[in-house]
Structures are given as C-alpha cells and as structure tokens.
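Asks: next input, structure requested:
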Amino acid sequence: MPHELIAGLEAAAVGVLVLLLVPKRGVNHIRERFADLSSGRRRWLFEPPAWQRAKRPEGARMAVLAAIDVFELGVPLFVAGRLAEQRSAQIYLARQSRWADTPEALVAAHLKGGMTDAELHSQLASRGFPQPSAKAVFKKVEARPLISVKWWLERQALAEAAVISNGAPDAERAVRNAEEAEEEPEDLDEAELSRSADTDPSHLTIRTLGRLQLLQAGQDYGPMLMSKKVLAFIWLYLLVRRLLEPAGWVQRSAFAEEFSPGLSVKRQSKRMRDRVGDILRRDLPEALATRLTVDRQAMRLDLSNCSIDVVRLQEVARQCADQKGMLTSDLVAEARRMLDETEGECLPGWEEIEAEANGGQGAAKEYVRALREVAETARVDLMGALAANHLARQEPRKAIALLENGLEHQPDREDLARKLRAAYLETGQHARAAELQKEHALDT
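Replies: Down below sits the predicted model:
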C-alpha cells in the first residue's frame with residue numbers, strides 16, 4: 001500500500017477521533033451542571049435530547065438525532081451526561097416515593113377526594129403524625145332589609161356637614177394619608193414607573209437577565225463596567241447582596257475577605273480601600289459611583305429610584321399567581337413581555353469577573369447562583385400561570401409548550417407536571433400523559 005495512502009488514512013482517523021471526542025458547543029459551568037444532576041435539581045445536562053424533543057420520532061430518525069447529540073457533545077461528555085441524567089431521574093423518583101408517606105401527601109390526597117376524613121385520621125395516626133386542625137366554620141350571613149336611597153342621601157349630607165364643621169382633624173388625616181402614600185412607592189403602577197424613567201435623568205434601569213445593562217439618561221454604562229472586571233466585581237457583588245437581602249449591608253471586613261481571600265487582614269483592608277477609593281474618585285462614572293454607600297463598618301448599593309428586571313419579574317409572577325387561573329388580557333401581555341425580555345442567564349459573564357477579582361475562591365458564586373435560581377423560579381412561575389390561563393380558557397395546546405419549557409428548567413415541579421398531564425389528556429395524547437405520569441410518579 002502506498003505510503004501516501006497510509007498517511008492519509010492515519011490523518012483521517014485522527015480527524016474522526018477528534019470530531020468524536022472534542023465538544024462542539026460551549027460547556028461553560030459544566031461542573032455546576034453535573035453537581036445539579038447528581039443532587040436531582042436538574043433533569044438534563046443541557047436540554048432534553050433532540051430525539052426526545054421530536055414528536056413521535058421513528059427508529060431511524062431517533063438514531064440520526066442521537067448521533068447529532070454525540071457529535072455536538074463528544075463521546076466522553078455525551079456518555080457522562082447520559083449516566084448523570086439517569087442518576088438524576090433515579091433521585092427524583094426516590095424523592096417522589098418518599099413524598100407519598102408524608103403528612104402533606106396524605107392531606108393532599110384527602111383534599112382531592114382520595115380518602116375520607118376517617119381514613120385520613122387513621123393514616124396519620126398509624127404513621128405517628130399529628131392530626132389536622134378542626135375545619136373552620138363560616139359565619140352565617142343574615143339577610144338585612146334594603147336601605148332606601150333617601151336615607152343614604154340624608155346620611156351623606158350629615159357626613160359632609162360634619163367635615164365642614166370639623167375641618168382641622170380631617171385636614172390632618174389627609175396629610176397623614178399623603179405622607180403614607182409617599183412612603184410606599186411600590187404601589188405605583190407600571191405606567192407611572194415608565195414615565196418616571198423617561199422624565200427623571202437620575203433614574204437607573206438595571207437589566208441583568210441575558211445581558212448587563214445599566215441605563216441612565218439614555219446611556220448604557222454596562223459595557224464600560226464589564227471592561228473593568230475588578231471594579232465590576234465590587235459593584236455587582238453589592239447589587240446581588242442587595243437583591244437577595246432587604247437591607248443589603250455588607251460588613252467591610254467580610255467583603256475584604258471575599259475580595260482578597262488568602263491575604264493578611266492588613267493587605268485585604270488596603271486592597272479593598274484602594275479599589276473603593278478608585279470607584280469614588282475616578283474609575284467609574286458618577287451615575288454608578290454615587291450609588292455606593294460606604295461607612296466605617298459596612299457598605300451597600302443604593303437602589304432607590306431604580307427599576308430592575310429581576311424585581312419586576314418577581315412582581316409580575318406574583319400578580320399572575322394571585323389570580324389562580326384566568327388572567328386579564330393586560331396581565332397576559334405583561335407576562336409574555338417579561339418572558340421575552342428576561343430570557344437568558346442572570347448576570348452572564350460573572351464567572352470571568354470573579355476569576356479576575358479573586359480567582360474564584362470566595363463565596364460570591366453562591367450568592368449569584370441563588371439570584372439565578374430566584375430569577376429562574378419566577379420565570380417558571382410565569383410559564384405556569386400563563387399555561388393555567390390557557391387551560392382555564394379551554395386552550396390546552398397553547399399550554400403544552402409553556403409547561404414543557406417550564407419542566408425543562410425545573411423538572412421537580414409537580415404542579416407543572418400535573419397541568420401538563422391534564423393538557424396531554426385533553427388533546428388526546430394519552431401515551432405521553434402516561435409516560436409523564438410514570439416519570440414524575442404522579443398518582444391518578
């Protein structure tokens with residue numbers, strides 16, 4: 001066999017080996033993803049396999065889709081991911097099996113009509129659980145005679161006369177009400193907040209999901225901040241702590257340890273003092289530097305006169321959840337807008353900033369991870385609320401995509417799994433409903 005042919009075959013073999021072993025897609029945070037799989041918090045390493053997302057794939061098509069996944073991830077990462085996903089499924093099923101013997105599960109079965117009061121008390125007693133509290137009894141409402149319009153008008157006239165004759169106390173009460181209204185700016189509706197952002201040059205709009213934007217007076221300070229990674233670490237760390245904790249104060253000694261782990265206390269304090277001084281003096285624009293509040297003991301970020309996407313996302317999710325079913329058209333539009341605008345990871349690029357600031361050795365990553373979980377939970381809650389709205393309006397097909405997306409992000413959400421199973425049954429997809437019921441250990 002010619003030497004050139006042998007060399008060509010060897011080169012081709014090496015090329016095929018590289019194609020099969022090297023991942024073709026980004027594998028950022030792979031360690032955290034495997035950790036989530038091992039603890040059962042995540043169902044898939046990246047997303048459900050292509051062959052599983054396909055609608056009723058045939059055998060040949062399944063093989064092609066699986067081969068595509070192997071090519072994108074590489075054989076080692078593909079095999080390790082599938083083994084970890086199987087482990088995650090086992091942990092989830094084990095957790096569901098343990099749930100069946102808890103008092104919460106027994107009470108839920110009773111509320112759904114699966115057992116009588118006597119059976120519930122018997123089951124709780126046999127397992128050594130406390131008995132539920134006695135049921136509340138509604139107060140009997142008595143019918144009252146209809147009030148005449150003439151009597152009501154007379155009462156209104158007397159009330160107006162009392163206000164005129166006793167003006168001072170009522171004036172003081174009006175002043176107190178106005179002061180209370182000023183102390184509760186969170187009651188402003190979205191339109192008023194938008195007008196405030198447009199007309200107030202000191203208003204700061206912070207967007208953290210999918211990208212970092214710091215918008216004030218028409219200028220975006222986000223790219224500039226991301227270019228100064230050490231200073232960005234200080235500003236964004238204080239932002240995360242403020243979003244997670246109501247007060248948001250961080251002790252200077254604790255932050256110095258976070259900012260410079262491994263150094264002596266004296267060097268930690270000096271490095272932090274120098275960097276904070278750089279922020280206040282020259283390195284950051286006034287729009288960002290003036291929001292840093294520092295005293296002798298602690299420091300925090302001032303978020304007054306700000307609108308933040310994570311906060312607004314939680315507010316809309318809470319408003320939708322409070323409706324418990326059918327939503328108004330305005331709330332549906334706002335919920336869909338928030339889902340579109342908040343798609344993506346919270347604080348992307350944080351790992352590079354942390355690596356530059358302290359080598360990734362501090363605990364800041366845990367705070368960022370907690371904030372990411374808060375944002376993801378709010379997005380999944382929004383998906384569930386929109387799906388519930390579609391189900392209430394007899395639109396199960398529109399609910400399926402939302403519920404499937406929500407379960408991909410949080411596979412342990414039994415409430416979403418139950419809604420999805422109901423949507424499958426209403427659309428005649430009985431096989432998929434049975435598969436979902438088995439996977440999530442849903443009772444019938």
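Asks: do you know how far the nearest residue to H390 once chain neighbours are set aside is from R87?
Replies: Nearest residue to H390, sequence neighbours excluded (CB to CB, 6 or more residues apart in numbering): A399, at 3.9 Å. For the C-beta atoms, the positions are set from N, CA and C on the backbone; glycine is no exception. The gap separating A399 from R87 is 30 Å, by CB to CB, to the nearest Å.
Asks: tell me which of these two has more neighbours.
Replies: A399 (25 against 15; other CB atoms under 10 Å).
Asks: just checking, the more buried one touches L391?
Replies: Yes: contact criterion CB atoms under 8 Å: A399 and L391 qualify, at 5.1 Å.
Asks: look up phi and psi at the closest residue to L347 other than its chain neighbours.
Replies: Using CB to CB, 6+ apart and skipping the chain neighbours, the partner closest in space to L347 is T208 (5.3 Å). The phi/psi pair for T208 (degrees, to the nearest 10) reads phi -120, psi -10.
Asks: okay, and the common contacts of A399 and L391?
Replies: By the contact definition CB atoms under 8 Å, 6 or more residues apart in numbering, A399 and L391 are jointly contacted by K419, A423.
Asks: tell me the spacing between the residue nearest to A363 when sequence neighbours are not counted and R300.
Replies: Spatial nearest neighbour of A363, chain neighbours left out: E258 (6.5 Å); criterion: CB to CB, 6+ apart. According to CB to CB, E258 stands 14 Å off from R300.
Asks: more crowded one of the two?
Replies: Taking neighbours as other CB under 10 Å, E258 and R300 compare with E258 leading, 22 against 19.
Asks: element containing the more buried one, please.
Replies: Using DSSP states H and E, E258 sits in helix 252-259.
Asks: which strands and helices sit next to that helix?
Replies: helix 229-244, helix 265-278, strand 298-301, helix 350-358 (3 or more CB pairs under 8 Å, 6 or more residues apart in numbering; DSSP states H and E).
Asks: now with 10 Å?
Replies: helix 229-244, helix 265-278, strand 298-301, helix 350-358, helix 364-392 (3 or more CB pairs under 10 Å, 6 or more residues apart in numbering; DSSP states H and E).
Asks: average model confidence for it?
Replies: What helix 252-259 shows for mean pLDDT is 80.
Asks: can I get it as CSV, trimmed to CA atoms?
Replies: C-alpha atoms of helix 252-259 as CSV (Å, rounded to 0.1, in the frame of the first residue of the first chain):
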residue,chain,number,x,y,z
ARG,A,252,-16.3,45.8,55.3
SER,A,253,-14.2,43.1,57.0
ALA,A,254,-16.4,40.3,55.4
PHE,A,255,-16.1,41.9,52.0
ALA,A,256,-12.4,42.4,52.3
GLU,A,257,-12.1,38.6,52.9
GLU,A,258,-14.4,37.9,49.9
PHE,A,259,-12.4,40.3,47.7
